[in-house]
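In: got a predicted model here, sequence first, then my questions.
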Amino acid sequence: MALWLYIVSILIIMALPIAAASLLRRRRRGTPWYLFLVGAATFAVSQAVHIPLNNWLSDIGWLSATAPLWQTALIAGLTAGLCEELARAGAFALLKNRRDTADGLMLGIGHGGIECIGLVAVMLGSSLGQMWSLWNADLTTLGLSAAQLAVVSGQLSLLKAQPLIALLPALERLMTLGIHIGLSLLVLQAFRQRSAFKGAAFVLLAVLAHAAVDAGAVYAAAKLSLGWLAVAEALLAVVAWAIVAHFWPRPARDDVVPAPLVSQRRLFFWQLRKELTEMWRTRRLLVIVVVLVLFGILSPLMAYFLPQILSGVEGYEQIAGLFADPSPADAMSEYVQNVTQTGFMVIILVGMTAVAGEKMRGTAPMILSKPLSRSTFVLAKWVAQMGVYALGFAGSMLCAWFYIWQLYGTAQFGSVLAATGLMYVWAMVYSTLTLLGSTLGKNIGSAAGFALGLCILVMTLGSIPALSPYAPGALTSWALAIPVDAPMPTGVAAGGALVVAFALMELALVGSVAVIERQEI
Amino acid sequence: MAAELAVRTSHLTRRYGDVLALDDLDLEVQHGSIFGFLGRNGAGKTTTMRLLTGLARPTYGSAWVAGCQVTAGDGRSRAAYGYLPQESAFYGWMTGREYLDYVGGLYGLSVGNRNRRTDELLELVNLKEAADRRVQGYSGGMKQRLGVAQALIHEPSVLFLDEPTSALDPAGRHEVLEMISRLRGSVTVFLSSHIIADVDRICDTVGVIHKGRLLFVLPRQELLDRYAVDEAVLEVAHESADQVASLEALIAQQPWVERVHNGGTELHVQVLDMEAARVGLLPLVVSQGIVLDSFRWVRPSLEDIFLEVSA
């Protein structure tokens, strides 16, 4: 129960910023998605200064475990306030034409949103993976010290006894997001002042408010019981969102006389039908499914017959002798490698034309001058690709499972399903990045360049040892680690990587929408 | 205020780097008219169209179509108009009927309405026989007619057509212009073109844009009248040829005449008072018993005016 609530908590945290931004745009349609990304960038920039600053303060002893609590709370609060609020101020200084309250709200949602999606959800995903592994394990067999054993077993016991604790992170994020939005409005207010002195006063106020909240959080975490902490978070969340609600835009009363609204939900399904029909008629659907199914069929066959084939080729008999007897794990390894290597090229080739092709052919201006919104246009393409790849991976998985079972006599359906599912998530990360590349490019050539560049960037970052456990590549390693001839293990090895994969998809989609909204078609 | 007009722009401006593509456009187009937006290539016609249809954003200013502000980033206003871009493109894998059905769906039309409108429009644009063929096999003229049809599928009150005839052969041009003429009164057509003959043929109001600036907007007839030269040409018949000199002298004596030029059997009469000349000139000829082969007031063509103002 607690572990499922943990998953719910992660889903809420990942959905919260997107839901808030979508609701804001329903009320004020002109508020661009790129402000969400600018808000996210302000958070990233602030942390690039904040983290080294805190490390330095720790080195000189101002922020140490032995320092008095009041000192830690005050300094941690002030550094966070200074770095984050000055980054927000920098963004508003650059965005000279964005002074509407809705602009401030969107920037705040982006700032708090990336903290939710890119930091807290990933950490929770990682914790969830560890907890899932330890949930029913005999902790005494893990080689933990007595102190570690006491902490881990204590935490697991608490979670088992009070599963609702798993929802606390979601409550905390609800509160924090509200506070971030409020602080963005305070900084925006600074740029609405005619007097520079008054403007500076608003920024200072934001810094002090941020510092007070963070210092309070440090104190509360140290002094309050979990129950009181939850009550405090709930109260602060109510106050923060009441303030946000006060500034939330009212329905427009200008001279815009909207024509009858065509539901974007309805248009989404209409556009999705067109995308799927197009993929069918242009044979793209067939290519994707056939290629993936072939991987499912050929990988077990190749792994099984390769030693026999080589032994039949004159001069290669000795090499064939070097091969161990093929096992289901060899078949699975061949399958994962084929999908992740050749499949990657299919993803780039199919995805790069999605938006850029429409811009190049001139069909985009024909369609986007109609009530179909640009976000619906992009979203339908993404869902269509997700659906087609899901079909391909499902066929591939069934074939792989069948052939492994037939050739090797053993194959756990759940294991093959889990490994293929992980490869599917991996593939969808690169498919979504390719869609972003296709949106960025004005023609298919530049779209291919952007798509490859983005994918290579993610792969390169994923090769950094500190980041590799969280990179999409960790999903394929995880898929390889699943024993195909044994029941599906309960341990989740790379929960953080799984959350990062979904976070990357979420941000790439927001990026695609933000980019196409800004483009002149 | 804006709702009474089909199209209105206020200080609409678009700058691309150092290039001012559209400069402070203030324009009003009345409901039900066929408005010709005339300009040389690169004058700012397509930029205006793209701003009016939400495909581009103004650097400054606002625009309304059928009362809806189209420059506020609100996609809901797009149901108010139909649009055919300069380079119309279709999904070649669809048939003409499927494309119209698809576009109808984008406007939220019900299945029944889509079927009805698709049949009506295929009839209107003369594509009924080719309706179930894939669009990739259509000729340029057929595609352009399909383009007009898709822009009309939701029965918009305003139709934007950007250079709808520029890529067509004479027969295709004739077909498309005929079709647009048939819309007169029911739909406001905003037609941009650099082909003066097209505008002259079907438009009742003309706006001329040059280097991003709107030079003027006038009803076509008023425009022709304003630029009319007050000159009459009398072509004297062969049997009255010996009376040309006396007629020239008689006309020259009239107080409303500025100058008479004798071109053999043709007299060119430039007048000072148009109204007096219209009343007095022909009775003068008749009183002398002179037979004319032809008589006409010299009218400049739209092309003459366009070349003059956009020089």
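Out: Perfect, I can see it now.

In: phi, psi for the residue of the stretch 201-311 of chain B found nearest chain A please.
Out: Residue of the stretch 201-311 of chain B nearest chain A, by Cβ to the nearest Cβ: residue B:212 (16.5 Å). Every residue, glycine included, has its C-beta placed from N, CA and C. Main-chain dihedrals, residue B:212, degrees, to the nearest 10: phi 80, psi -10.

In: what separates it from residue B:9, distance-wise?
Out: Look at residue B:212 and residue B:9: by Cβ to Cβ, to the nearest Å, they are 13 Å apart.

In: between the two, which one's more packed in?
Out: residue B:9 (26 against 21; other Cβ atoms under 10 Å in any protein chain shown).

In: beta partners for the more buried one?
Out: For residue B:9, the residues forming beta bridges with it (DSSP bridges) are residue B:27, residue B:63.

In: isn't it up against residue B:61?
Out: Yes: applying Cβ atoms under 8 Å as the test, residue B:9 and residue B:61 come out as touching, 6.6 Å apart.

In: give me the common contacts of those two.
Out: Contact criterion Cβ atoms under 8 Å, 6 or more residues apart in numbering or on different chains; residues shared by residue B:9 and residue B:61: residue B:25.

In: returning to what we had before: could you pull up the residues touching the residue of the stretch 201-311 of chain B closest to chain A?
Out: Contact analysis of residue B:212 by Cβ under 8 Å, 6+ apart lists B:20, B:21, B:22, B:23, B:43, B:44, B:47.

In: surely residue A:331 meets residue A:297?
Out: No: taking Cβ under 8 Å as the definition, residue A:331 is not a contact partner of residue A:297, at 11.1 Å.

In: between these two, which one's more packed in?
Out: residue A:331 (25 against 16).

In: packing partners for whichever helix or strand the more buried one is part of?
Out: Assessed by DSSP states H and E, residue A:331 sits inside helix A:328-351. With contacts taken as 3 or more Cβ pairs under 8 Å, 6 or more residues apart in numbering or on different chains; DSSP states H and E, helix A:328-351 sits against helix A:284-312, helix A:374-408, helix A:413-440, helix A:444-462, helix A:473-481.

In: how about the nearest residue to residue 106, chain neighbours excluded?
Out: Picking chain A for this. residue A:35 (4.0 Å; Cβ to Cβ, 6 or more residues apart in numbering or on different chains).

In: wait, chain B
Out: residue A:370 (4.5 Å).

In: what's the burial count for that neighbour?
Out: Neighbour count of residue A:370, defined by other Cβ under 10 Å: 26.

In: ok, now residue B:92?
Out: For residue B:92, the neighbour count with other Cβ under 10 Å is 16.

In: distance of it from residue B:143?
Out: Following Cβ to Cβ, the distance that separates residue B:92 from residue B:143 is 10 Å.

In: any regions of the chain where pLDDT drops low?
Out: As the question left the chain open, I've gone with chain A. Residues of chain A meeting the criterion pLDDT under 70: A:252-262, A:316-323, A:485-493.

In: I was after chain B.
Out: Applying pLDDT under 70 to chain B flags the ranges B:1-3, B:73-76, B:228-229, B:299-300, B:311.

In: enumerate the residues of it near chain A.
Out: B:1-3, B:50, B:53-57, B:64, B:66-69, B:72-80, B:83, B:85, B:87-91, B:93, B:102-103, B:105-108, B:147, B:150 (Cβ under 8 Å from any Cβ of the partner chain).

In: are any of these buried, and which?
Out: Neighbour counting by 16 or more other Cβ atoms under 10 Å in any protein chain shown classes B:2, B:50, B:53-56, B:64, B:66-69, B:72, B:74-80, B:83, B:85, B:88-91, B:93, B:102-103, B:105-108, B:147, B:150 among the residues of chain B next to chain A as buried.

In: give the residue farthest from the middle of the chain.
Out: As the question left the chain open, I've gone with chain A. Computed with Cα atoms, centre = their mean, the residue of chain A farthest from its C-alpha average is residue A:314, at 51.7 Å.

In: that was the other one, I meant chain B.
Out: Chain B, farthest from centre, Cα atoms, centre = their mean: residue B:242 at 45.7 Å.

In: what separation do you get for it and residue B:288?
Out: 12 Å.

In: again with residue A:114
Out: 94 Å.

In: who has more neighbours, the two?
Out: Just comparing residue A:114 and residue B:288: by other Cβ under 10 Å the higher neighbour count belongs to residue A:114, 23 against 13.

In: how much space between that one and residue A:5?
Out: 24 Å.

In: so is residue B:12 in a helix, a strand, or just coil?
Out: strand (DSSP: H, G, I helix; E, B strand; the rest coil).

In: next one: residue A:104
Out: Put simply, residue A:104 is helix when judged by three-state DSSP.

In: same question, residue B:259
Out: At residue B:259, secondary structure determined by three-state DSSP is strand.

In: need the residues touching each of residue A:331 and residue A:297.
Out: Joint contacts of residue A:331 and residue A:297 (Cβ under 8 Å, 6+ apart) are A:400, A:403.

In: near chain B, which residues of the stretch 1-150 of chain A show up?
Out: When proximity is defined as Cβ under 8 Å from any Cβ, the stretch 1-150 of chain A approaches chain B at A:29, A:30, A:32.

In: just the ones in helices from these, please.
Out: Nothing among these maps onto helices, per DSSP state H.

In: thinking again about what came up before, quickly note the distance from the residue of the stretch 201-311 of chain B closest to chain A to residue B:39.
Out: Look at residue B:212 and residue B:39: by Cβ to Cβ, they are 9 Å apart.

In: can you check residue B:217 too?
Out: Taking Cβ to Cβ as the measure, residue B:217 falls 12 Å from residue B:39.

In: higher neighbour count, these two?
Out: When neighbours are counted by other Cβ under 10 Å, residue B:217 and residue B:39 differ, and residue B:39 comes out ahead with 24 against 18.

In: OK, contacts around that one?
Out: Each residue near residue B:39 by Cβ under 8 Å, 6+ apart is listed here: B:45, B:192, B:194, B:208, B:209, B:210, B:310.

In: quick one: which of those sit in helices?
Out: Mapping these onto helices (DSSP H) picks out residue B:45.

In: after the strand or helix carrying residue A:41 comes which helix or strand?
Out: In the assignment (DSSP H and E), residue A:41 maps to helix A:34-59. Proceeding N to C from helix A:34-59, the next assigned helix or strand is helix A:69-94, under DSSP H and E.

In: contacts for the helix or strand encompassing residue A:150, please.
Out: Counting by DSSP H and E, the element that carries residue A:150 is helix A:146-161. With contact meaning Cβ under 8 Å, 6+ apart, helix A:146-161 is reached by A:2, A:131, A:134, A:135, A:139, A:140, A:144, A:165, A:166.

In: buried residues in it?
Out: A:152, A:156, A:159.

In: cool, stretch A:403-418 as well?
Out: In terms of neighbour count (16+ other Cβ under 10 Å), stretch A:403-418 has its buried residues at A:403, A:404, A:405, A:407, A:408, A:411, A:412, A:415, A:416, A:417, A:418.

In: burial measure for the closest residue to the fifth one other than its chain neighbours, as a count.
Out: Just to be clear, that refers to residue A:408. Once flanking residues are discounted, residue A:408 sits nearest to residue A:328: 4.6 Å by Cβ to Cβ, 6+ apart. Applying other Cβ under 10 Å, we find 24 residues neighbouring residue A:328.

In: quick one: contacts for residue A:328?
Out: Residue A:328 makes contacts with A:404, A:408, A:410, A:411, A:484, A:485, as judged by Cβ under 8 Å, 6+ apart.

In: list just the nearest of these to residue A:190.
Out: Nearest to residue A:190 among the contacts of residue A:328, counting by Cβ to Cβ, is residue A:484 at 59.5 Å.

In: checking the closest one next. Helix, strand or coil?
Out: Secondary structure, three-state DSSP: residue A:484 is coil.

In: and what of residue A:193?
Out: coil.

In: got phi/psi on it?
Out: When read as degrees, to the nearest 10, the backbone of residue A:193 gives phi -80, psi 140.

In: and the gap between it and residue A:201?
Out: Note on residue A:193: its distance to residue A:201, by Cβ to Cβ, is 8 Å.
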